[in-house]
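In: I would like the atomic coordinates for the input below:
(one chain, ligands or ions: 1)
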Amino acid sequence: MIAVDVAHAQGDFRLEAAFAGGAGITALFGPSGSGKSTVIGLVAGLVRPDRGRIALGERVLVDTAAGIHVPRHRRRVGVVFQDSLLFPHFSVRSNLLFGRWFAPPAERRVELGPVVDTLGIGALLGRRPATLSGGERQRVAIGRALMASPRLLLMDEPLAALDLERRLEILPLIERLRDEFAIPILYVSHAVEEVARLADRVVVLDRGRVAAVGAPDDVLKPSRGVAGDRFAVASVLTGRIGEVDAAYGLTPVRHPAGTIWLSGAIDAPGRAVRVVVRGTDVALATSLPRNVTIRTALAGTVDAVATGAGPNATVDVRLDGGDVLTAVVTRKAVDDLGLDAGDRVHALVKAVALDERFQV
Ligand SMILES: Nc1ncnc2c1ncn2[C@@H]1O[C@H](COP(=O)(O)OP(=O)(O)OP(=O)(O)O)[C@@H](O)[C@H]1O
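Out: Next up, the predicted model:
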């Protein structure tokens with residue numbers, strides 16, 4: 001468990017944040033410049049806070065009042081950045097083994113074999129970093145951080161430099177290492193799908209302050225602190241996978257409010273799945289439109305409509321079965337349709353917006 005309570009100024013920016021992260025993945029989420037990387041730097045020991053305390057379990061890493069500032073190499077905190085630097089003249093194997101030196105021999109709990117297996121990098125061990133693709137380099141960087149048997153792993157936008165295909169390959173590996181190595185992870189990301197899928201707990205930062213803390217389903221709602229960034233609004237729906245439509249390459253997810261179609265085939269009938277839906281990918285209709293390309297129409301009742309002075313509005317729809325789906329629509333559409341709490345609506349979601357590999 002990591003507990004952070006710090007104040008730190010750099011230039012005009014002032015961070016004043018207190019939060020705690022437990023087992024599993026704690027996501028730090030928020031707009032650019034909100035202070036996410038600054039928090040990572042403070043926990044990693046790259047930056048010394050003006051004031052505050054950082055503790056990892058029983059161990060105090062920073063306590064400015066007591067004059068404690070554990071140097072970074074003694075923190076037992078692993079760090080993976082967007083572009084992690086590997087040692088260019090070492091093989092992948094040597095890069096991985098290098099990580100071990102950061103753990104005192106008695107505390108080396110992570111072995112090379114399981115790391116290589118989990119990350120699927122066995123074929124790369126003899127190669128030099130320059131010969132690796134971006135995705136391969138990132139896997140090795142994650143492996144090297146793991147080899148230090150860290151008590152906490154910091155991941156600062158670890159997938160941001162990769163294309164969608166590579167991101168989708170590495171995402172399940174991050175889940176596996178969370179589960180198999182049981183190392184708590186503090187994970188910085190801009191991407192709402194990543195946060196919704198990975199995080200056990202989300203800390204939303206906004207202009208250096210903690211705007212919200214909670215489970216992804218609760219926090220990734222606009223009314224709970226991420227207003228202003230319409231692309232940061234997402235909902236998580238739970239359903240069961242049906243039989244793949246092989247002719248069209250679609251997977252149906254059965255939900256009490258209707259069938260959610262995913263673009264792509266997941267051959268796992270009966271498996272429970274969480275589907276992450278961005279608010280900007282949802283349209284609302286007061287009657288079921290017939291001649292429309294969208295195949296997914298979920299029935300529900302408007303719970304709340306939030307409008308401000310801006311052009312956009314958010315509409316929380318309580319779907320049949322209980323899940324809440326938030327739609328980001330224009331304020332004009334809300335007025336034109338006269339949408340209000342209690343109205344029955346159909347929430348329309350484009351299947352092509354739901355990449356099946358982002359679902360859990
Ligand atoms: N060394 C520095 N000197 C002065 N200001 C800094 C310094 N480092 C960062 N800042 C400022 O501190 C603020 C927070 O930066 P930080 O990198 O923590 O944000 P972030 O949430 O990680 O952003 P992003 O998502 O864009 O990476 C920004 O306004 C940034 O310009």
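In: Next, give phi and psi for residue 248.
Out: Backbone torsions for residue 248, taken as degrees, to the nearest 10, come to phi -110, psi -10.
In: what's the answer for residue 87, then?
Out: phi -80, psi 120.
In: residues contacting it?
Out: 94, 95, 98, 129 (CB atoms under 8 Å, 6 or more residues apart in numbering). Placement of C-beta: from N, CA and C, glycine included.
In: quick check: longest strand of this structure.
Out: strand 296-307 (DSSP state E).
In: Get me the contact residues on the protein for the ligand.
Out: 10, 11, 13, 30, 32, 33, 34, 35, 36, 37, 38, 190 (CB under 6 Å from any ligand atom).
In: Save those residues as CSV, and put in neighbour count too.
Out: Shown next, in CSV, are the residues of the chain next to the ligand (neighbours: other CB atoms under 10 Å):
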residue, neighbour count
10, 13
11, 5
13, 13
30, 28
32, 8
33, 13
34, 22
35, 26
36, 25
37, 18
38, 21
190, 16
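In: Show me which of those residues is closest to residue 268.
Out: residue 190 (29.4 Å; CB to CB).
In: That closest one and residue 159 touch, don't they?
Out: No: counting by CB atoms under 8 Å, residue 190 does not reach residue 159; the two are 10.1 Å apart.
In: Just the buried residues of stretch 309-322, please?
Out: Buried residues in stretch 309-322, counted by 16 or more other CB atoms under 10 Å: 312, 313, 314, 315, 316, 317, 318, 319.
In: which residues does the nearest residue to residue 280 once chain neighbours are set aside contact?
Out: Leaving aside its chain neighbours, residue 280 sits nearest to residue 328 (5.0 Å; criterion: CB to CB, 6 or more residues apart in numbering). Neighbour list for residue 328: 222, 230, 233, 279, 280, 282, 312, 313, 314 [criterion: CB under 8 Å, 6+ apart].
In: and if you look at residue 42?
Out: Here residue 42 is in contact with 4, 6, 8, 48, 49, 54, 62 (CB under 8 Å, 6+ apart).
In: isn't there a helix covering it?
Out: Yes: counting by DSSP: H, G, I helix; E, B strand; the rest coil, one finds residue 42 located in a helix.
In: so the residue sitting nearest the centre point of the chain, which of the three states?
Out: Residue closest to the mean C-alpha point of the chain, counted by CA atoms, centre = their mean, is residue 195 at 1.9 Å. Following three-state DSSP, the label given to residue 195 is helix.
In: what's near enough to touch the residue in the stretch 151-300 of the chain that the ligand sits nearest to?
Out: Of all residues in the stretch 151-300 of the chain, residue 190 sits closest to the ligand, at 5.9 Å by CB to the nearest ligand atom. The neighbours of residue 190, taking CB under 8 Å, 6+ apart as the test, are 29, 32, 157, 160.
In: For ChimeraX, write a command that selects the buried ones of those.
Out: To isolate the buried ones among the contacts of residue 190 in ChimeraX, judged by 16+ other CB under 10 Å, type:
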select :29,157
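In: Looking at the contacts of residue 190, spot the one nearest residue 205.
Out: The closest of those, once distances to residue 205 are taken by CB to CB, is residue 29, at 7.2 Å.
In: which stretches of the stretch 151-300 of the chain form strands?
Out: Using DSSP state E, counting those that start in this stretch, the strands of the stretch 151-300 of the chain run over residues 152-156, 185-189, 201-206, 209-214, 234-241, 250-255, 258-263, 272-278, 282-285, 296-307.
In: Just want the phi and psi numbers for the residue of the stretch 151-300 of the chain closest to the ligand.
Out: phi -90, psi -20.
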